[in-house]
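>>> sequence first, predicted model second:
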Amino acid sequence: MPSRKKHSKNDIEISKASFLPPQEQDCYEGERLACLLKSMHREIESARLLDGNSLPEKIWLKQQFSIGVNDVTRVLERMAPSAQVGSSPQQPSSIRNNCKAPLVQLQAVLLASDCNPRWLTKHLPSLASSRRVPLIFVKDMKGGSLRLGELVKLKTAIAIGVKAKGNAINQIFEKILHGDEVRQTDRHDSTNMKIEAMAERELLVKN
């Protein structure tokens, strides 16, 4: 009898996750969604403060995120499939296996699971899974895209890709992807970062 190809447990779990409908995956809604968005707002402010506010806000946001279904799709398609890379794209320097990394790596994708029409985002779960990019679904009584839009100063955003840049935004997503719920302690860490950033800027001005 021909030998059957064995699949690792991790591969099987990723494959199953790709085809689960959004309602069967871990969705952020209600209080969890509010807490997530508040934490993201804080970390966006921290990262922008550390960058010195040198760029207009909309341009700076586009450097941190892929915004919209089309942009997220393009970035994912340019990333190498997981079979060609040695590890997850969560860390921008982790790809080494004889494969030149694309200029942009996504750490995660936020996706409004309650958007209409559904076919707009039907391809994203399998595409993200093939690049080992985790999907984080958000839902708010058919207003998930409105809540995501608030993050990037737009009316709506069905999908937002978080670019791996090693900043405060990535740190909060690293916790989420490792199963840590966003807690009140994140506010303390964020406040400390803001204070340190402001102190550094004051020193630069004095010098």
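That came through, no problem.
>>> show me where the chain has strands.
27-28, 65-67, 106-112, 135-138, 159-163 (DSSP state E).
>>> need those strands in a markdown table with distance to Asn170, can you?
Every residue, glycine included, has its C-beta placed from N, CA and C. Below are those laid out as a markdown table (distance: least, CB to CB, whole Å):
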| stretch | distance to Asn170 |
| --- | --- |
| strand 27-28 | 18 |
| strand 65-67 | 11 |
| strand 106-112 | 6 |
| strand 135-138 | 13 |
| strand 159-163 | 7 |
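>>> export those as a markdown table, with columns for mean pLDDT.
A markdown table is the format used below for the strands of the chain (pLDDT from 0 to 100):
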| stretch | mean pLDDT |
| --- | --- |
| strand 27-28 | 91 |
| strand 65-67 | 97 |
| strand 106-112 | 97 |
| strand 135-138 | 95 |
| strand 159-163 | 97 |
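>>> to Glu45, which of those lies closest?
Ranking those by proximity to Glu45 (CB to CB) places strand 65-67 first, at 14.4 Å.
>>> residues contacting Ala47?
Contact partners of Ala47, counting by CB atoms under 8 Å, 6 or more residues apart in numbering, are Gln64, Asn167, Ala168, Ile169.
>>> just these now: which is nearest Ala157?
Ala157 has its nearest neighbour among those in Gln64, at 13.0 Å by CB to CB.
>>> was I right about that closest one contacting Ala164?
No. The pair Gln64 / Ala164 is not scored as a contact, 10.3 Å apart, by CB atoms under 8 Å.
>>> more neighbours: those two, which one.
Ranked by neighbour count (other CB atoms under 10 Å), Gln64 and Ala164 place Ala164 first, with 24 against 21.
>>> for the contacts of Ala47, which one is nearest His41?
Ile169 (10.4 Å).
>>> can you tell me how far the closest residue to the closest one other than its chain neighbours is from Cys115?
Once flanking residues are discounted, Ile169 sits nearest to Glu43: 4.8 Å by CB to CB, 6 or more residues apart in numbering. Per CB to CB, to the nearest Å, Glu43 is found 24 Å from Cys115.
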